[in-house]
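Visitor: Give me a model of this one.
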Amino acid sequence: MPKHQETRHLPYTPEQMFDLVADVKRYPEFLPWVSAMRVRRDGETETLADMIVGFKGLRETFTSRVEKQRPERISVDYVDGPLKHLRNEWVFRPEGEGCAVDFTVDFAFKNRVFEMLAGQVFGQALRRMIGAFETRAAALYGAAGGISSSSAHSAA
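Guide: Predicted structure coming up:
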């Protein structure tokens, strides 16, 4: 089961990054493979949403519960779809003039063939998705020269 942990150091406030990640209805505008989002319920501390993902002719719907603890944490728990489980967590920590973003994702497919296929492209897909969040932050809040760095750990 793929697992990935990473920290990014970004020139944005924890509040800005929290707002970007919490705004799930906008994901189709900037995240690769996300073709649609349907927000079933959206509150101050919890969102329930369906994400429709398409890749090379495959199309799947994932339902997730997003728990929000402004401005320091967003936790995503899998509710329904093609996975056995999914846990995704974002932690936003003030750091200098910006923030550190700790990102963790852990998931497993119900289908072992999908699991093996996902394992082959997992790292590349995650880098694209995390990069899409950084690009979106720069578009929303302005590009503040190169303090972005990362440290990552993956296990398949």
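Visitor: any chance you could map the strands in the chain?
Guide: 3-10, 34-42, 46-55, 58-69, 73-80, 83-95, 98-109, 149-155 (DSSP state E).
Visitor: For the lengthiest helix in the chain, what does the pLDDT average out to?
Guide: Counting residues, the longest helix found in the chain (DSSP state H) is helix 112-141. What helix 112-141 shows for mean pLDDT is 83.
Visitor: Could I get the buried residue list for it?
Guide: Of the residues in helix 112-141, 115, 118, 122, 126, 129-130, 132-134, 136-137, 141 count as buried by neighbour count, 16 or more other C-beta atoms under 10 Å. Just so you know, the C-beta spots here come from the backbone N, C-alpha and C atoms, and that holds for glycine as well.
Visitor: burial of Lys56, as a residue count?
Guide: For Lys56, the neighbour count with other C-beta atoms under 10 Å is 6.
Visitor: same check, this time on the one 4 residues further on
Guide: Look at Glu60: counted by other C-beta under 10 Å, it has 14 neighbours.
Visitor: Going forward, count from 876.
Guide: Shifting the count to begin at 876 puts that one at Glu935.
Visitor: Wait, it touches Phe984, no?
Guide: No - here Glu935 does not reach Phe984: they are 10.1 Å apart, not a contact under C-beta atoms under 8 Å.
Visitor: Spit out the residues that contact those two alike.
Guide: Pro957 (C-beta atoms under 8 Å, 6 or more residues apart in numbering).
Visitor: Point out where the protein drops to low pLDDT.
Guide: Scanning the chain for pLDDT under 70 picks out 876, 989-990, 992-995, 1019-1031.
Visitor: With that, I have no additional questions.
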